[in-house]
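>>> the amino acid sequence is not available; the structure is as follows:
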């Protein structure tokens, strides 16, 4: 899976410094960073590596003050340790959710569901709704009548999208 800095920052309530559209598809240690990977810096003893890492994105604490230029896009968060743990947790959850529909969801027979869709518990999909491919609807999402959800969309718990 590939994620942009903007998507990651949104998930972590972080602030981006650099290119919000840069993409990553893996994680690496900051001292072994490669292009296309995400790293994190939480322990000051590893700070020297942030200036030479090839990682595309680095999670840092909001209090981090670089002493020289950093090539990577930074995402500033409250606690980089907690942020990387949260990302790993979300990633693991997403791997186990692909293509499953909860028996506790309610899907109207006149709705259309795409391929590889995850629909969580107590999610309601109304009449004539169209759900695209690779969509994740977390528990307790409400999709109203005639609503169209595009491909690769993620709706978090409790989101409500009303008719039309």
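Great, that's in hand. Model, not experiment: these values are computed from the prediction.

>>> surely residue 137 meets residue 119?
Yes - look at residue 137 against residue 119 with Cβ atoms under 8 Å: they come within range, at 4.9 Å. The way it works is simple: take the backbone N, C-alpha and C, and place the C-beta from them, glycine included.

>>> what residues are up against residue 86?
Going by Cβ atoms under 8 Å, 6 or more residues apart in numbering, residue 86 touches 11-12.

>>> now it, what's its secondary structure?
Here residue 86 is helix, with the state taken from DSSP: H, G, I helix; E, B strand; the rest coil.

>>> what are the phi and psi values for residue 6?
Residue 6 adopts backbone torsions of phi -60, psi -40, taken as degrees, to the nearest 10.

>>> quick one: neighbours of it, just the number.
17 (other Cβ atoms under 10 Å).

>>> again, but for residue 152
Count around residue 152 with other Cβ under 10 Å applied: 11.

>>> wait, is it part of a strand?
No - Residue 152 sits outside any strand when classified using three-state DSSP, being coil.

>>> now it, nearest residue through space, not along the chain?
Excluding the flanking residues, the one nearest residue 152 by Cβ to Cβ, 6 or more residues apart in numbering is residue 134, at 4.9 Å.

>>> which residues do residue 137 and residue 119 both contact?
125, 131.

>>> let me see the domain layout of the chain.
Domains of the chain are assigned by automatic domain parsing as 3-97, 106-161.

>>> returning to that earlier point: isn't the residue nearest to residue 152 up against residue 116?
Yes - counting by Cβ under 8 Å, residue 134 does reach residue 116; the two are 5.0 Å apart.

>>> please say which of those two ends up with more neighbours.
residue 134 (17 against 14).

>>> quick one: the more buried one from residue 81, how far?
30 Å (Cβ to Cβ, to the nearest Å).
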